[in-house]
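Undergrad: coords please:
(chains A, B and C)
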Amino acid sequence: MLIEHQNKRPNIDPTAYVAPTAVICGDVTIGPRTHVSFGAVIEAHGAPVRIGAQCVVRENLNIRSTSRNAVRIGDHVLIGPLSSLKGCIVEDECFLATGVKIYQGAVIRRRTEVRIDGVVHVRSVLPPNSLVPIKWVAVGDPAQMFPPDKHEEIDAILSKMNFPEEVYGLERQTGSGVDMDMKEVTRRVTSGLADHRDDREP
Amino acid sequence: MLIEHQNKRPNIDPTAYVAPTAVICGDVTIGPRTHVSFGAVIEAHGAPVRIGAQCVVRENLNIRSTSRNAVRIGDHVLIGPLSSLKGCIVEDECFLATGVKIYQGAVIRRRTEVRIDGVVHVRSVLPPNSLVPIKWVAVGDPAQMFPPDKHEEIDAILSKMNFPEEVYGLERQTGSGVDMDMKEVTRRVTSGLADHRDDREP
Amino acid sequence: MLIEHQNKRPNIDPTAYVAPTAVICGDVTIGPRTHVSFGAVIEAHGAPVRIGAQCVVRENLNIRSTSRNAVRIGDHVLIGPLSSLKGCIVEDECFLATGVKIYQGAVIRRRTEVRIDGVVHVRSVLPPNSLVPIKWVAVGDPAQMFPPDKHEEIDAILSKMNFPEEVYGLERQTGSGVDMDMKEVTRRVTSGLADHRDDREP
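TA: So this is what the prediction gives:
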């Protein structure tokens, strides 16, 4: 399903394939010979999404830009099913396995492998030929990598990356629990997305 | 796609937005200004699902009630893509990140943050302002939190929460491997869901 | 949505249920009383997919065969939402929880439980009555199990299982980063999947 959003139509190379139940919404470019599988959701909301040549975009994943962060994916990149990529840059010949999560402002240089359920957190930068192990978290610039049990080490770096500012344009709050004003976060997100009401199939 | 199931129709506030490929099935209420993204599947099977005001419900996630456990989500809650919420209570202003999994009978009090791939297990209760770290598991009432390597600690508490009883109404079996009678589990689930044959678009 | 692919039509038992937004593509057999939920994507590409009787196949998951590896799922198996099963064998009465990932050539013997986000890696074999803890990784034949922090132990066994050869028919490369020729991987996958252009609804 191709959707015109914010007066922008998807631009699909004629040699690319998009499965009938995939959603391509807004200012999204899909390059030559790239394959987009069933149930994939690729959305440009504000900034554009650019996916290069001969990429493999698998089932039920989600790729989306935001008003602040474009998505740019190079050539010969494989992105596994059930992954989530938001507002990030992924260079040529990367291998992103099943269930990978990549956040706003992250940069993944060429020929990097992110293994199953690996996370690359907000504003984190992976140099070329990096490897994120299964279920590890890459965070920082340059990124350091940690298994999930290293919560305190992850959090110490993450707090410097300022997730609320990068993702929602909000100041980080101190105190326990959620470190954002959720009334304001949800107000900004829902009102920002309200123009989906004007979507149409071209 | 709105679906009438068990003679109940979804009740969507006129100021809410539901993406065209999202599925809302049965006795589901969606509150004012709430945004439901592409590919989200929200189902009431038996008990109702209630989602409050100004929530953000992201792509390709799954929220569902069961015959035993309603879903009740408060106001100003953000639920990330590829999450799974079953028969649980989530109070106001919670932030549930990408890939979060929450199970039957769980209660998450207000302003709690569950980070990427965090798990809140069956019948577990998180007090207000809790934080579940990336890929950690919260289990127990009150919940304790563990990274994945603490399997024995998790399992000791989990066995007291009695997953088979809460989720399938069955006694927990002892011995190695699956601790349930899978012939009976699958018989109950498939016959319980058989009334989906009578679904229709209102 | 049933799809004819490679001149093969899905074969759905009349007592099975397939949700209207689920995708069943190609040489896929669904056995008696099996329930397939919304958003599930089940695809046979090359080798067939066989799912037995009274199975529960939940929301937004992905099951697919490849040209080299069939999928064979026994009877009374429950597969949780947001899971990914590729070219593997799962015997009777297994319980696969939410977010489970199982890879090409894996064999899971009867009455095995794979808990939330558990991984069974390529060519790995689990004996009957096995238990993979939450977010652990099973790898090897016979499989050993590790939490995510044991990356080096996992990788030492994984390198012997030869992922590139099993999954893409390619030699494993040495050096840092991706251990495959990504230009060749993406060329093989995209050209192999090109015959989806000829898909049609029967």
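Undergrad: ok, and the closest non-adjacent residue to residue A:61?
TA: residue A:83 (4.3 Å; C-beta to C-beta, 6 or more residues apart in numbering or on different chains). For glycine as for every other residue, the C-beta is placed from the backbone atoms N, C-alpha and C.
Undergrad: what does residue A:22 give?
TA: residue A:40 (4.4 Å).
Undergrad: Find the least confident helix or strand in chain A, judged by mean pLDDT.
TA: The helix or strand of chain A with the lowest confidence, counting by mean pLDDT, DSSP states H and E, is helix A:163-168 at a mean of 87.
Undergrad: The residue nearest to residue A:22 touches residue A:57, doesn't it?
TA: Yes: Residue A:40 is within contact range of residue A:57, at 5.4 Å (criterion: C-beta atoms under 8 Å).
Undergrad: Need the residues touching each of those two.
TA: Common neighbours of residue A:40 and residue A:57 (criterion: C-beta atoms under 8 Å, 6 or more residues apart in numbering or on different chains): residue A:63.
Undergrad: Look up how far residue B:10 lies from the residue nearest to residue A:22.
TA: 25 Å (C-beta to C-beta, to the nearest Å).
Undergrad: Of the two, which one has the most company?
TA: residue A:40 (28 against 23; other C-beta atoms under 10 Å in any protein chain shown).
Undergrad: On the pLDDT front, check the more buried one for me.
TA: Residue A:40 is assigned 98 on the pLDDT scale.
Undergrad: How about the contacts made by the residue in chain A that chain C sits nearest to?
TA: Nearest to chain C in chain A, going by C-beta to the nearest C-beta, is residue A:129, at a distance of 3.0 Å. Contacts for residue A:129 (C-beta under 8 Å, 6+ apart) come out as A:109, A:110, A:111, A:112, C:175, C:176, C:177, C:178.
Undergrad: farthest pair in the residues you listed?
TA: A:109 and C:175 (14.9 Å; C-beta to C-beta).
Undergrad: Look at those two and report which has more neighbours.
TA: residue A:109 (18 against 8).
Undergrad: you'd agree that one is up against residue A:126?
TA: Yes: using C-beta under 8 Å, residue A:109 makes contact with residue A:126 at a distance of 6.0 Å.
Undergrad: In chain A, which residue sits closest to chain B?
TA: For chain A, C-beta to the nearest C-beta, closest residue to chain B: residue A:177, 3.0 Å.
Undergrad: The nearest residue to residue A:8 once chain neighbours are set aside: neighbour count?
TA: Excluding its sequence neighbours, the residue lying closest to residue A:8 (C-beta to C-beta, 6+ apart) is residue A:27, at 3.8 Å. By other C-beta under 10 Å, the residues close to residue A:27 number 22.
Undergrad: residue contacts, residue A:27?
TA: Counting by C-beta under 8 Å, 6+ apart, residue A:27 has contacts A:5, A:6, A:8, A:10, A:44, A:47, A:48, A:49.
Undergrad: and the first one, what are its bridge partners?
TA: The bridge-partner assignment for residue A:5, based on DSSP bridges, gives residue A:8.
Undergrad: Could you report the neighbour count for it?
TA: Counted with other C-beta under 10 Å, residue A:5 comes out at 20.
Undergrad: shouldn't it be in contact with residue A:28?
TA: No: here residue A:5 does not reach residue A:28: they are 9.1 Å apart, not a contact under C-beta under 8 Å.
Undergrad: what's the overlap in contacts for these two?
TA: Residues touching both residue A:5 and residue A:28 (C-beta under 8 Å, 6+ apart) are A:43, A:44.
Undergrad: Chain A: helices as residue ranges?
TA: A:151-161, A:163-168, A:182-192 (DSSP state H).
Undergrad: in the second one, what's buried?
TA: If you call a residue buried by 16 or more other C-beta atoms under 10 Å in any protein chain shown, then helix A:163-168 has these buried ones: A:163, A:164, A:166, A:167, A:168.
Undergrad: Can you verify my assumption that the third one contacts residue A:106?
TA: Think residue A:166. No: taking contacts as C-beta under 8 Å, residue A:166 lies outside contact range of residue A:106: 9.7 Å.
Undergrad: Overlap in contacts, these two.
TA: With C-beta under 8 Å, 6+ apart, residue A:166 and residue A:106 have common neighbours A:122, A:123.
Undergrad: circling back to that earlier point, can I get the contacts of residue A:27 in TSV with distance to residue B:53 and pLDDT?
TA: Formatted as TSV, the contacts of residue A:27 follow (distance: C-beta to C-beta, whole Å; pLDDT from 0 to 100):
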residue	distance to residue B:53	pLDDT
A:5	24	96
A:6	25	95
A:8	30	97
A:10	32	98
A:44	27	98
A:47	28	97
A:48	32	98
A:49	30	98
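Undergrad: Could you find which two of these are furthest from each other?
TA: The largest separation in the contacts of residue A:27, counting by C-beta to C-beta, is between A:10 and A:47 at 14.7 Å.
Undergrad: which among the contacts of residue A:129 gets closest to residue C:95?
TA: residue C:178 (33.7 Å).
Undergrad: any idea how far the residue of chain A positioned farthest from its centre is from residue A:158?
TA: Residue distances from the centre of chain A (C-alpha atoms, centre = their mean) peak at residue A:175, which lies 28.3 Å from the mean C-alpha position. Applying C-beta to C-beta, the value for residue A:175 to residue A:158 is 16 Å.
Undergrad: re earlier: what packs against the least confident helix or strand of chain A?
TA: On a contact count with 3 or more C-beta pairs under 8 Å, 6 or more residues apart in numbering or on different chains; DSSP states H and E, helix A:163-168 meets helix A:182-192.
Undergrad: buried set for the helix it packs on?
TA: For helix A:182-192, by 16+ other C-beta under 10 Å, it's A:182, A:185, A:186, A:188, A:189, A:190, A:192.
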